[in-house]
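Trainee: Sequence unavailable; structure follows:
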């Protein structure tokens, strides 16, 4: 009896060991990057991403994983573009501004989803109304109604006169699905998406992998009309989700992943000067910036003190030491990722260059004005490596001109909460950005009407001139290079906010790929890649 | 014995209730706005206010707590994730098997490496083998598991290509994470085994066994080791609980979408239902592991079993009197 038990134990252990090793072998050999068919054409590409979408619901909370994958299945009315409108049509064939409050658009009349349902104007109305009810898209609060006015025509009416770029945001960020497909799924597509996009999702292991296959029946058959996200240059796209970027780089080196937009600055070195890989530096839309608490309770409400701070540091030092020199300086509160950022005009060589003598001069003016003899400031920063390093460098620079500063480094969500409390900080270091119009994203923070619960705007600035310049720059009728520049110049004059630098991400792709395409969010669009 | 187990399970109810109240209260008072985390920094105050209302965050603390406890107790509803709007129970149950597999693999490695090392060290007390085993144990405690994880991935996943270095799939995907995650456990098990074995190795019954002419292997593994098992089971139980709740770093390094990574993401996003659900689930799992440890005690040591039986019987007698 005992011998039999022993035998069984040994057999079980041996089976486990052999099984493990066998599976181990399978694990490594089965995972490959690009695959080819008999003719040698590529049939599959594997993309590395750091986050899973969590839900494939068309109107889920926006996150990195959704941004990286959902566009394969779902389509929005338009796609972001670097033109004056800020978009190009995807589902919309034509559009016009009807009056000050209303935009009207016409859909293609041959759009179908992967379940065979035809997409009509009523589906657009349904999609927007459901997205509005979900409350995950703050910009939709600007809309009064979305109305199907015919089979293929839809009116979008705003509550107030829309700002420049409002319609671009609304048309590019909301996915459209057919009501029939949405209601046919009890889960509302959270795991089984049905969209009008060029690919269908065929497999998803939550947190691990996701596979898309090109639709044979994709509605946009005219190749010349296809936007980037509508292209089908590869039959199958696989995503491998690896949260740790070092591990992701390792997976690329082992040939399991063909391309990724999430290679860190440190890891990119392994791929440079290597014929098997191409590294592309992709500037990010997020700007590392400094803003001042302008409420009465903060000494930074004083313009001279703000200027003393502004001239105490060098943005290049920040870029070199906080971001390993990867990125570039910016010369306004934005970056040239946005349509309305005019770097050539802003970069005139005197954008808050470090000048400690000037900084001390401004500090003395502050002392003279207020009768104070010392300053103690609190620097609030979110706990990212770059922002933390920036905060430490800034504190050191301030010390050099005689200003004491303490650091309050917290996680991003806590930082958002603390910013609403004027007693909790004096200087806010954060990352801000816009992939379309500054006036309608990043610069919203200067719009006091958005913050009715307290005096002033996001940083408690109460300045009528600032508000009026903002309104001129953001109003669709008066938006122009001149009004935008006038606003930026006033920001500099009053030293309300300082853009320091922006970083870069590194897109790395294998030699099987000739050229990659990214979208406005810097996500890879594998369907639009050029393959060898 | 069954009565004892029932008693222990019943005792978990107030514990879980207290955990639910504590985690709810902590998250309520932690700074950070879930609505802001969902909508981003650019959201207007109006949009934030609507979202807060929708999430029920504007209710007073006691109302929110009452609703939460009512839903858990009477509806077994732990709420929906703020991020995905799906029930957190579903999300937890999707991820838990991965964390459990990882924890079990860790335990297997801890057992098959830690116990023989500890026994060997005890048998060769003071000799170079003892010092070698102790050194290995010390190394296990000293090396950071994330670093070991990365090195293992680099060597076995990338250079040699014999084991998957990330993600989930077959049991092979858990080998490297389990090796990295069990280092501390192996070290602790080795030290504890050595210490327990040293206590029993010079006992009279071990000497008697030797005097009977039994082989040293039989003496050690059949007579000495079972009597040294009680503290080892305790260590193993603690390690198992730690692997369940503390797998965050290893899960991140090896991209295992388990409970640890889910919980950290939920904390960053102030996804309250997910955080509460995870903590409560882990508390329950830990309680069950501890119960399992106690049950194993009973099978290993008849004296403990007798004690449990008395306690269990006492519980029902007292209940009988009340009726």
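Mentor: Yep, that arrived. This one's a predicted model, so the numbers in the text were calculated from it and none came from an experiment. Numbers count the residues shown, from 1 in each chain, chains lettered A, B, ... in the order given.
Trainee: which ones are touching whichever residue of the stretch 101-250 of chain A sits closest to chain B?
Mentor: Nearest residue of the stretch 101-250 of chain A to chain B, counting by Cβ to the nearest Cβ: residue A:207, 2.2 Å away. Backbone N, C-alpha and C define where each C-beta goes, glycine included. By Cβ atoms under 8 Å, 6 or more residues apart in numbering or on different chains, the contact set of residue A:207 is A:52, A:241, B:95, B:168, B:255-257, B:261.
Trainee: likewise residue B:91?
Mentor: Going by Cβ under 8 Å, 6+ apart, residue B:91 touches B:81, B:84, B:262, B:274, B:277.
Trainee: Can you point out the buried residues in the host helix or strand of residue B:11?
Mentor: Counting by DSSP states H and E, the element that carries residue B:11 is helix B:2-29. Residues of helix B:2-29 classed as buried under the neighbour-count rule (16 or more other Cβ atoms under 10 Å in any protein chain shown) are B:4-5, B:8, B:12, B:19-20, B:23-24, B:27.
Trainee: which SS state does residue A:237 fall under?
Mentor: strand (DSSP: H, G, I helix; E, B strand; the rest coil).
Trainee: okay, now it: neighbour count?
Mentor: Per other Cβ atoms under 10 Å in any protein chain shown, the neighbour tally for residue A:237 reads 26.
Trainee: pretty sure it contacts residue A:43?
Mentor: No - Residue A:237 sits out of contact with residue A:43 when judged by Cβ atoms under 8 Å, with a separation of 10.6 Å.
Trainee: Residue in chain B with the shortest distance to chain A?
Mentor: For chain B, Cβ to the nearest Cβ, closest residue to chain A: residue B:257, 2.2 Å.
Trainee: that older thread, and chain A, which of the contacts of residue B:91 reach it?
Mentor: Contacts with chain A within the contacts of residue B:91, as defined by Cβ under 8 Å from any Cβ of the partner chain: B:81, B:84.
Trainee: ok, of the contacts of residue B:91, which one's closest to residue A:193?
Mentor: Checking these against residue A:193 by Cβ to Cβ gives residue B:84 as the nearest, at 13.3 Å.
Trainee: what's near enough to touch that closest one?
Mentor: Residue B:84 touches A:54-55, A:57, A:60-61, A:190, B:91, counting by Cβ under 8 Å, 6+ apart.
Trainee: any chance of the contacts of residue A:207 in a markdown table, plus distance to residue A:158?
Mentor: Compiled in a markdown table, the contacts of residue A:207 are given as follows (distance: Cβ to Cβ, whole Å):
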| residue | distance to residue A:158 |
| --- | --- |
| A:52 | 35 |
| A:241 | 38 |
| B:95 | 42 |
| B:168 | 46 |
| B:255 | 43 |
| B:256 | 46 |
| B:257 | 41 |
| B:261 | 41 |
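Trainee: can you tell me which of those lies nearest to residue B:105?
Mentor: residue B:256 (11.0 Å).
Trainee: looking at it, the closest one is touching residue B:98, isn't it?
Mentor: Yes - with contacts counted by Cβ under 8 Å, residue B:256 reaches residue B:98, the gap being 5.6 Å.
Trainee: what residues are shared contacts of those two?
Mentor: Common neighbours of residue B:256 and residue B:98 (Cβ under 8 Å, 6+ apart) are residue B:168.
Trainee: for the stretch 1-150 of chain A, what are the low-confidence residue spans?
Mentor: Within the stretch 1-150 of chain A, the segments meeting pLDDT under 70 span A:1-40.
Trainee: the strands in it, which residues?
Mentor: Ranges of strands in the stretch 1-150 of chain A, per DSSP state E, counting those that start in this stretch, are A:35-36, A:42-49, A:75-76, A:78-80, A:87-89, A:92-97, A:102-107, A:143-148.
Trainee: right, is the longest one up against chain B?
Mentor: So the one you mean is strand A:42-49. No - shown here: strand A:42-49 not in contact with chain B (Cβ under 8 Å from any Cβ), separated by at least 9.9 Å.
Trainee: Could you please name the strands that strand pairs with and the direction of each pair?
Mentor: strand A:35-36 (antiparallel), strand A:236-241 (parallel), strand A:259-263 (parallel) (DSSP bridges).
Trainee: Ramachandran angles for residue A:373?
Mentor: Residue A:373 adopts backbone torsions of phi -120, psi -10, taken as degrees, to the nearest 10.
Trainee: Quick check: residues of the stretch 201-323 of chain B near chain A?
Mentor: Within the stretch 201-323 of chain B, the residues that sit near chain A (Cβ under 8 Å from any Cβ) are B:252-257, B:261, B:268-270.
Trainee: helix or strand for the closest residue to chain B within the stretch 401-532 of chain A, which one?
Mentor: In the stretch 401-532 of chain A, the residue that lies nearest chain B is residue A:413 (3.8 Å; Cβ to the nearest Cβ). In this assignment (DSSP H and E), residue A:413 forms part of helix A:412-419.
Trainee: which residues sit against the following helix or strand past that helix?
Mentor: On the C-terminal side of helix A:412-419, the closest following helix or strand by DSSP H and E is strand A:427-433. Residues outside strand A:427-433 that contact it (Cβ under 8 Å, 6+ apart): A:284-293, A:300, A:309, A:333-335, A:337, A:377-382, A:384, A:387, A:390-391, A:394, A:405, A:415, A:419, A:441-442, A:445, A:459, A:502, B:41.
Trainee: Off-centre distance for strand A:427-433?
Mentor: 15 Å (Cα atoms, centre = their mean, to the nearest Å).
Trainee: can you tell me the average pLDDT over it?
Mentor: In this model, strand A:427-433 carries a mean pLDDT of 90.
Trainee: Any residues of the stretch 401-532 of chain A in contact with chain B? List them.
Mentor: A:410-414, A:416-418, A:430, A:432, A:441-442, A:444-445, A:450-453.
Trainee: Which ChimeraX command selects the buried ones in the residues you listed?
Mentor: Entered in ChimeraX, the line below selects the buried ones among those, by 16+ other Cβ under 10 Å:
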select /A:410,411,412,413,414,416,417,418,430,432,441,442,444,445,450,451
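Trainee: All set now, cheers.
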